[in-house]
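S.K.: Below are the sequence and a predicted model for it; my questions follow.
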Amino acid sequence: MIQKSINNPVFFKKYGFCLYYNKDIKRNISLIKKKFTNNFKSRFKSSQNRNLNIIKRFNGEISINKIFFDKNLLNFIKKLGVKYPVQTGPVVTHYSSNDKTSKSYGLGLHQDWPSMCTSINGVVIWFNINNYNHQHKNNLGLQLYKNFKKNYLFKTLKSKNDINFISEDIVEKNNLIDCNPKNEVLIMSTFCVHRTIKNKNLSKKYWRLGISARFDDLRCKKWNKNNYVSAYSTSVNRDLYKKFFHSL
Ligand SMILES: [Fe+2]
(Lines give C-alpha, C1' and ligand atoms only; values in the text may rest on other atoms or scores of the structure.)
Protein backbone atom coordinates (compact mmCIF):
# COMPACT_ATOMS: atom_id res chain seq x y z
CA MET A 1 0.00 0.00 0.00
CA ILE A 2 2.74 2.43 0.97
CA GLN A 3 4.33 2.15 -2.51
CA LYS A 4 1.18 3.66 -4.01
CA SER A 5 1.71 6.76 -1.90
CA ILE A 6 5.00 7.83 -3.56
CA ASN A 7 4.77 11.46 -4.79
CA ASN A 8 0.98 11.21 -4.46
CA PRO A 9 -0.82 14.28 -3.01
CA VAL A 10 -4.23 12.57 -3.35
CA PHE A 11 -3.03 9.74 -1.14
CA PHE A 12 -1.70 12.26 1.39
CA LYS A 13 -5.03 14.07 1.58
CA LYS A 14 -6.87 10.82 2.28
CA TYR A 15 -4.47 9.09 4.67
CA GLY A 16 -2.43 11.96 6.14
CA PHE A 17 0.91 10.63 4.88
CA CYS A 18 2.82 9.78 1.71
CA LEU A 19 6.35 9.01 0.57
CA TYR A 20 8.37 11.39 -1.58
CA TYR A 21 11.18 10.34 -3.92
CA ASN A 22 13.66 12.02 -6.17
CA LYS A 23 17.15 11.00 -7.31
CA ASP A 24 19.00 13.61 -5.24
CA ILE A 25 17.23 12.50 -2.09
CA LYS A 26 17.97 8.84 -2.77
CA ARG A 27 21.67 9.65 -3.28
CA ASN A 28 21.78 11.81 -0.17
CA ILE A 29 20.15 9.20 2.09
CA SER A 30 22.81 6.68 1.19
CA LEU A 31 25.54 9.32 1.73
CA ILE A 32 24.06 10.18 5.13
CA LYS A 33 24.12 6.51 6.13
CA LYS A 34 27.82 6.33 5.20
CA LYS A 35 28.58 9.52 7.13
CA PHE A 36 26.80 8.29 10.24
CA THR A 37 28.50 4.88 10.12
CA ASN A 38 32.01 6.11 9.38
CA ASN A 39 32.22 9.41 11.26
CA PHE A 40 29.69 9.23 14.10
CA LYS A 41 28.77 5.64 15.00
CA SER A 42 32.48 4.79 14.86
CA ARG A 43 33.02 7.23 17.78
CA PHE A 44 30.63 5.35 20.06
CA LYS A 45 32.19 4.03 23.28
CA SER A 46 30.64 2.26 26.25
CA SER A 47 29.11 5.46 27.72
CA GLN A 48 25.45 5.87 26.77
CA ASN A 49 25.66 9.57 27.50
CA ARG A 50 28.57 10.07 25.10
CA ASN A 51 26.85 8.07 22.39
CA LEU A 52 23.60 10.03 22.72
CA ASN A 53 25.61 13.28 22.50
CA ILE A 54 27.24 12.01 19.30
CA ILE A 55 23.81 11.25 17.83
CA LYS A 56 22.67 14.78 18.71
CA ARG A 57 25.74 16.23 16.97
CA PHE A 58 24.74 14.26 13.89
CA ASN A 59 21.55 16.39 13.74
CA GLY A 60 23.78 19.19 12.46
CA GLU A 61 25.35 17.14 9.65
CA ILE A 62 25.16 19.36 6.57
CA SER A 63 23.98 16.60 4.21
CA ILE A 64 20.88 16.08 6.40
CA ASN A 65 19.81 19.66 5.82
CA LYS A 66 20.30 19.16 2.10
CA ILE A 67 17.44 16.68 2.24
CA PHE A 68 15.07 18.86 4.23
CA PHE A 69 15.78 21.89 2.07
CA ASP A 70 15.63 20.06 -1.25
CA LYS A 71 13.87 22.53 -3.57
CA ASN A 72 11.64 19.91 -5.18
CA LEU A 73 10.65 18.47 -1.82
CA LEU A 74 9.66 21.92 -0.56
CA ASN A 75 7.65 22.51 -3.73
CA PHE A 76 5.93 19.19 -3.15
CA ILE A 77 4.88 20.06 0.42
CA LYS A 78 3.40 23.29 -0.98
CA LYS A 79 1.18 21.05 -3.12
CA LEU A 80 0.14 19.29 0.09
CA GLY A 81 -1.14 22.58 1.46
CA VAL A 82 1.86 24.01 3.32
CA LYS A 83 1.70 27.27 1.39
CA TYR A 84 4.55 29.14 3.11
CA PRO A 85 6.76 26.53 4.80
CA VAL A 86 8.82 27.50 7.84
CA GLN A 87 10.85 25.05 9.87
CA THR A 88 9.67 24.49 13.44
CA GLY A 89 12.25 23.27 15.92
CA PRO A 90 15.53 21.54 15.19
CA VAL A 91 16.26 18.34 13.29
CA VAL A 92 15.31 15.41 15.54
CA THR A 93 17.02 12.00 15.57
CA HIS A 94 15.66 8.82 17.15
CA TYR A 95 18.15 5.99 17.56
CA SER A 96 16.51 2.56 17.98
CA SER A 97 18.32 -0.63 18.81
CA ASN A 98 18.42 -3.24 21.54
CA ASP A 99 21.96 -2.10 22.38
CA LYS A 100 23.04 -0.19 25.52
CA THR A 101 22.81 3.19 23.81
CA SER A 102 19.16 2.95 22.80
CA LYS A 103 17.91 0.40 25.36
CA SER A 104 15.08 -0.43 22.93
CA TYR A 105 13.91 3.18 22.86
CA GLY A 106 10.72 3.75 20.92
CA LEU A 107 7.57 5.84 21.19
CA GLY A 108 4.07 4.44 21.52
CA LEU A 109 1.08 5.66 19.48
CA HIS A 110 0.98 9.42 19.30
CA GLN A 111 0.36 12.48 17.14
CA ASP A 112 3.07 15.12 16.79
CA TRP A 113 0.82 18.18 16.86
CA PRO A 114 0.48 18.27 20.70
CA SER A 115 4.27 18.64 20.98
CA MET A 116 4.20 21.52 18.49
CA CYS A 117 0.90 23.50 18.80
CA THR A 118 1.70 25.33 15.60
CA SER A 119 -0.07 25.48 12.23
CA ILE A 120 -2.76 22.88 11.60
CA ASN A 121 -1.58 22.01 8.12
CA GLY A 122 2.07 21.47 9.04
CA VAL A 123 3.98 18.32 8.15
CA VAL A 124 6.76 16.17 9.54
CA ILE A 125 9.40 15.06 7.07
CA TRP A 126 11.13 11.88 8.19
CA PHE A 127 13.56 9.34 6.84
CA ASN A 128 15.42 6.36 8.05
CA ILE A 129 18.92 4.92 7.90
CA ASN A 130 19.82 1.52 9.31
CA ASN A 131 22.36 -1.29 9.11
CA TYR A 132 20.00 -4.03 8.01
CA ASN A 133 17.93 -4.91 4.99
CA HIS A 134 14.90 -2.62 4.80
CA GLN A 135 12.78 -5.58 3.84
CA HIS A 136 13.80 -7.40 7.04
CA LYS A 137 10.54 -8.56 8.53
CA ASN A 138 11.70 -7.57 12.00
CA ASN A 139 12.50 -4.00 11.02
CA LEU A 140 12.51 -1.07 13.41
CA GLY A 141 10.66 1.46 11.27
CA LEU A 142 7.42 3.29 11.96
CA GLN A 143 3.79 2.24 11.90
CA LEU A 144 1.25 4.74 10.62
CA TYR A 145 -2.45 4.69 11.35
CA LYS A 146 -4.26 5.09 8.04
CA ASN A 147 -7.58 6.17 9.61
CA PHE A 148 -6.63 9.80 9.28
CA LYS A 149 -8.75 12.45 10.95
CA LYS A 150 -7.72 15.93 9.91
CA ASN A 151 -7.33 18.46 12.74
CA TYR A 152 -8.49 15.89 15.29
CA LEU A 153 -6.69 15.15 18.55
CA PHE A 154 -7.07 11.63 19.91
CA LYS A 155 -7.51 11.16 23.64
CA THR A 156 -4.26 10.30 25.38
CA LEU A 157 -2.99 8.61 28.54
CA LYS A 158 0.06 9.79 30.43
CA SER A 159 3.00 7.37 30.44
CA LYS A 160 5.91 7.00 32.88
CA ASN A 161 8.18 9.34 30.95
CA ASP A 162 5.53 12.04 30.83
CA ILE A 163 4.68 11.66 27.16
CA ASN A 164 1.01 11.38 26.24
CA PHE A 165 0.17 8.25 24.31
CA ILE A 166 -2.98 7.15 22.56
CA SER A 167 -4.49 3.95 23.90
CA GLU A 168 -3.83 0.88 21.70
CA ASP A 169 -7.51 -0.08 22.13
CA ILE A 170 -8.86 2.67 19.90
CA VAL A 171 -6.69 1.72 16.93
CA GLU A 172 -7.60 -1.26 14.73
CA LYS A 173 -4.38 -3.24 14.20
CA ASN A 174 -5.08 -3.91 10.51
CA ASN A 175 -5.15 -0.16 9.87
CA LEU A 176 -1.53 0.23 11.00
CA ILE A 177 0.81 0.45 8.01
CA ASP A 178 4.51 -0.46 8.32
CA CYS A 179 6.78 2.25 7.01
CA ASN A 180 10.52 1.77 6.57
CA PRO A 181 11.47 3.42 3.26
CA LYS A 182 14.99 3.03 1.93
CA ASN A 183 15.22 5.69 -0.77
CA GLU A 184 12.29 7.96 0.05
CA VAL A 185 11.28 10.39 2.77
CA LEU A 186 7.98 10.13 4.58
CA ILE A 187 5.80 13.23 4.75
CA MET A 188 3.06 13.07 7.35
CA SER A 189 0.51 15.44 8.73
CA THR A 190 1.19 16.43 12.34
CA PHE A 191 -2.20 14.83 13.10
CA CYS A 192 -1.22 11.41 11.69
CA VAL A 193 -1.14 8.77 14.44
CA HIS A 194 2.09 6.75 14.44
CA ARG A 195 4.50 4.77 16.60
CA THR A 196 8.00 3.29 16.54
CA ILE A 197 8.20 -0.41 15.86
CA LYS A 198 10.05 -2.11 18.71
CA ASN A 199 11.35 -5.64 18.50
CA LYS A 200 12.98 -7.02 21.62
CA ASN A 201 14.05 -10.17 19.76
CA LEU A 202 16.22 -8.35 17.24
CA SER A 203 19.99 -8.77 17.64
CA LYS A 204 21.80 -5.91 19.42
CA LYS A 205 24.02 -5.42 16.38
CA TYR A 206 21.12 -3.89 14.42
CA TRP A 207 20.30 -0.20 14.69
CA ARG A 208 18.04 2.28 12.97
CA LEU A 209 18.20 6.04 13.03
CA GLY A 210 15.05 8.03 12.27
CA ILE A 211 15.77 11.63 11.23
CA SER A 212 13.00 14.21 11.05
CA ALA A 213 12.20 17.91 10.72
CA ARG A 214 8.91 19.80 11.04
CA PHE A 215 7.56 22.34 8.60
CA ASP A 216 4.66 24.64 9.43
CA ASP A 217 2.62 27.01 7.31
CA LEU A 218 3.05 30.70 8.03
CA ARG A 219 -0.22 31.33 6.16
CA CYS A 220 -2.27 29.13 8.53
CA LYS A 221 -5.14 31.27 9.85
CA LYS A 222 -5.39 29.40 13.17
CA TRP A 223 -1.69 29.75 13.85
CA ASN A 224 -1.92 33.45 13.05
CA LYS A 225 -4.82 33.72 15.52
CA ASN A 226 -2.69 31.89 18.12
CA ASN A 227 0.04 34.50 17.60
CA TYR A 228 2.45 31.95 16.09
CA VAL A 229 3.17 30.13 19.37
CA SER A 230 5.31 26.99 19.32
CA ALA A 231 5.93 24.30 21.94
CA TYR A 232 9.55 24.19 20.80
CA SER A 233 12.05 26.53 22.40
CA THR A 234 15.81 26.85 22.50
CA SER A 235 17.47 26.28 25.84
CA VAL A 236 21.08 26.99 26.70
CA ASN A 237 22.87 25.31 29.59
CA ARG A 238 24.72 28.25 31.13
CA ASP A 239 26.58 26.08 33.69
CA LEU A 240 28.12 23.48 31.43
CA TYR A 241 31.30 25.47 30.83
CA LYS A 242 32.06 25.84 34.54
CA LYS A 243 33.81 22.49 34.97
CA PHE A 244 36.27 23.50 32.26
CA PHE A 245 36.89 26.93 33.74
CA HIS A 246 40.46 26.36 35.06
CA SER A 247 41.45 23.54 32.81
CA LEU A 248 41.14 24.77 29.25
FE1 LIG B 1 6.23 11.36 16.35
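M.R.: It's in.
S.K.: On the three-state scheme, the closest residue to Ile129 other than its chain neighbours is what?
M.R.: In this structure, Ile129 finds its nearest non-sequential neighbour in Lys33, 4.1 Å apart by CB to CB, 6 or more residues apart in numbering. Where you see a C-beta, it was placed from the backbone N, CA and C, and this is true even at glycine. Under DSSP: H, G, I helix; E, B strand; the rest coil, Lys33 falls in the helix class.
S.K.: Quick check: Lys33 touching Asn128?
M.R.: No: using CB atoms under 8 Å, Lys33 is not in contact with Asn128, being 9.4 Å away.
S.K.: More neighbours: which of those two?
M.R.: Ranked by neighbour count (other CB atoms under 10 Å), Lys33 and Asn128 place Asn128 first, with 25 against 17.
S.K.: And the more buried one, its phi and psi?
M.R.: phi -130, psi 140 (degrees, to the nearest 10).
S.K.: So what's the residue count around the nearest residue to it once chain neighbours are set aside?
M.R.: Nearest non-adjacent residue to Asn128, counting by CB to CB, 6+ apart: Gly210, 5.5 Å away. Using other CB under 10 Å, Gly210 is surrounded by 22 other residues.
S.K.: Please give the element, helix or strand, for Gly210.
M.R.: strand 207-217 (DSSP states H and E).
S.K.: okay, and for the protein, where does confidence drop off?
M.R.: Within the chain, the stretches with pLDDT under 70 are 134-138, 160-162.
S.K.: Just the helices from the chain, written as ranges.
M.R.: Along the chain, counting by DSSP state H, helices occupy 9-15, 23-35, 48-58, 62-68, 71-79, 221-225.
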